[in-house]
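1. After the sequence you'll find the predicted model.
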Amino acid sequence: MTPAIQANDNPDAGSLREQERQLWLRFTLDRNLPDREALFDLHLPYATALASQLFRGRHDDDVEYRDYVQLACMGLLEAVDRFDATRGVAFRTFATPRIRGSVLDGIVRLSERQEQVELRARIRRERFDSLNEATDKHAKNVFHSLASMTMGLAIGFILDDTGMIDRASHSHQQHYDHAYHSLAWTQTKSRLTDAVSRLPSRERKVVQYHYFHGLTFDRIADVLNLSKGRVSQLHRTALAELRKHVRIADDLYLIT
């Protein structure tokens, strides 16, 4: 399996271009799925930057930033699948109008409030169903099972607000007036960020794609070439692992 190019490897520009060239050559020849995923990851920061640019130029606040990012990711994946590296055109030249088009066309749909409501409900349902699959409905300690699910949902809620998406691109209202609560929230997010980086590769990618880039389980399954059920299982496993490394204060529920 070809490993994805990692940004923190910090190769020089020439080396990075050569790695990308080799990826495109292999992917063009045999449509290798690990190479497809590596190409998606390589250009994901660029797609996110385009989403941020479009969000900053918005005319209203009907659609949230994370929706811009999700739509950009969808355009990027389509561009990777359709790009012909043998034509001598730079990938970004090919991909940019497709990413922008995916975002702008999607925003038109999501501007209808009901579309956003349905998308939010779908994402919440995916998370709940994922955690619910692990609940022992015949367990003697029903409260323990419910507490486990609640903790998983709480971790997901915090992950949504870790700030790993480029929140500098838009105003991020501070919800926590109480100094202690603000500090506790910040420290918890920091521990979660560190814990996510320590997850096994597949679990880490599911968390990053879903929470940091807003991709649905269906879209993640497409990127990783997995079934939706397998993505749900990896999501559940990842949250269970995060629980071992992150202690959430008993009074964190007071932070609203």
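-> Alright, I've got the coordinates.

2. what comes up buried for stretch 187-207?
-> Under the neighbour-count criterion of 16 or more other C-beta atoms under 10 Å, stretch 187-207 has 188-189, 191-193, 195-196, 199, 203-207 buried. (Glycine included, C-beta is placed from N, CA and C.)

3. Is it correct that Arg36 is in contact with Arg26?
-> No: applying C-beta atoms under 8 Å as the test, Arg36 and Arg26 come out as separate, 9.9 Å apart.

4. who's more crowded, the two?
-> Arg36 (21 against 18; other C-beta atoms under 10 Å).

5. can you tell me how far the more buried one sits from Arg191?
-> 33 Å (C-beta to C-beta, to the nearest Å).

6. mind giving me the domain split of the protein?
-> Using automatic domain parsing, the domain ranges for the chain come out as 1-111, 141-256.

7. Turn the ones you listed into JSON lines, columns for mean pLDDT and distance to Asp129.
-> JSON lines is the format used below for these (pLDDT from 0 to 100; distance: least, C-beta to C-beta, whole Å):
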{"stretch": "domain 1-111", "mean pLDDT": "85", "distance to Asp129": "19"}
{"stretch": "domain 141-256", "mean pLDDT": "69", "distance to Asp129": "7"}
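
8. Among these, which comes closest to Arg125?
-> domain 141-256 (10.0 Å; C-beta to C-beta).

9. before we move on, the earlier item: can you put the domains of the chain in CSV and add distance to Phe128?
-> Output for the domains of the chain, formatted as CSV (distance: least, C-beta to C-beta, whole Å):
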stretch, distance to Phe128
domain 1-111, 19
domain 141-256, 7
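
10. Out of those, which is closest to Ser130?
-> Here domain 141-256 is closest among the domains of the chain (C-beta to C-beta), at 4.3 Å.

11. Could you find the closest non-adjacent residue to Arg236?
-> Nearest residue to Arg236, sequence neighbours excluded (C-beta to C-beta, 6 or more residues apart in numbering): Ser130, at 4.9 Å.

12. Give me the number of neighbouring residues for that neighbour.
-> For Ser130, the neighbour count with other C-beta under 10 Å is 25.

13. Report the contact partners of it.
-> By C-beta atoms under 8 Å, 6 or more residues apart in numbering, the contact list for Ser130 reads Phe217, Ser232, Gln233, His235, Arg236.

14. Which ones among those lie within helices?
-> Phe217, Ser232, Gln233, His235, Arg236 (DSSP state H).

15. distance of the second one from Gln53?
-> Read that as Ser232. 33 Å.

16. Next: the last one.
-> Taking C-beta to C-beta as the measure, Arg236 and Gln53 are separated by 35 Å.

17. Was I right to think Gly214 contacts Ala72?
-> No: with contact defined as C-beta under 8 Å, Gly214 does not count as touching Ala72 (9.8 Å).

18. which of the two has more neighbours?
-> Per other C-beta under 10 Å, whichever of Gly214 and Ala72 has more neighbours is Ala72, with 28 against 23.

19. Next up, phi/psi of the more buried one, please.
-> phi -60, psi -40 (degrees, to the nearest 10).

20. going forward, begin numbering at 53 instead of 1
-> In the new count, where the first residue is 53, that last one comes out as Ala124.
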